[in-house]
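1. The following block contains a protein sequence and its predicted model.
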Amino acid sequence: MRGMRHPLTFAVYELCDTGVQVTTKKGRVGVYTSDGVWISGEKFPVDKHMCEWIGQGPREPEDLANNRRFRSLVLKEKTL
């Protein structure tokens, strides 16, 4: 399971089937969307950016030829 401990609050953010499960240092558990919106469990303030990081990324790296930022470099190398 993808997860991470918050460096300041020490809460654990983990990816689950319904969103991002956050467990605080005191043992409170709540489930939030990747935008930091409460879904279920206990409701408490969470780090929206940490929820986004766990819920949406990182993803598998894609081929650079399909990436809009690097497409021109890949095409340039192929023509050389």
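-> Arrived safely, thanks for sending.

2. Need the pLDDT of the residue lying closest to residue 10 once chain neighbours are set aside.
-> Among residues not flanking residue 10 along the chain, residue 25 sits closest, at 4.6 Å (Cβ to Cβ, 6 or more residues apart in numbering). Yep, even glycine has a C-beta here, placed from its N, CA and C like the rest. With respect to pLDDT, residue 25 scores 95.

3. for the record, mean pLDDT for stretch 4-11?
-> 94.

4. Could you list the buried residues of that stretch?
-> residue 11 (16 or more other Cβ atoms under 10 Å).

5. End to end on stretch 20-34, go ahead and measure it.
-> 6 Å (Cα to Cα, to the nearest Å).

6. thought residue 46 was touching residue 24?
-> No: counting by Cβ atoms under 8 Å, residue 46 stays clear of residue 24, with 9.0 Å between them.

7. These two: which has the busier surroundings?
-> residue 46 (20 against 17; other Cβ atoms under 10 Å).

8. any idea which helix or strand carries the more buried one?
-> Counting by DSSP states H and E, no helix or strand carries residue 46.

9. which residue sits closest to it in space, ignoring its chain neighbours?
-> Residue 46's closest residue in space is residue 22 (Cβ to Cβ, 6+ apart), at 5.2 Å.

10. OK, contacts around the one you found?
-> Going by Cβ atoms under 8 Å, 6 or more residues apart in numbering, residue 22 touches 11, 12, 13, 14, 29, 30, 31, 32, 44, 46, 51.

11. what about the helix or strand where it lies, distance to the chain center?
-> Using DSSP H and E, residue 22 falls within strand 19-23. Chain-centre distance of strand 19-23: 11 Å, with Cα atoms, centre = their mean, to the nearest Å.
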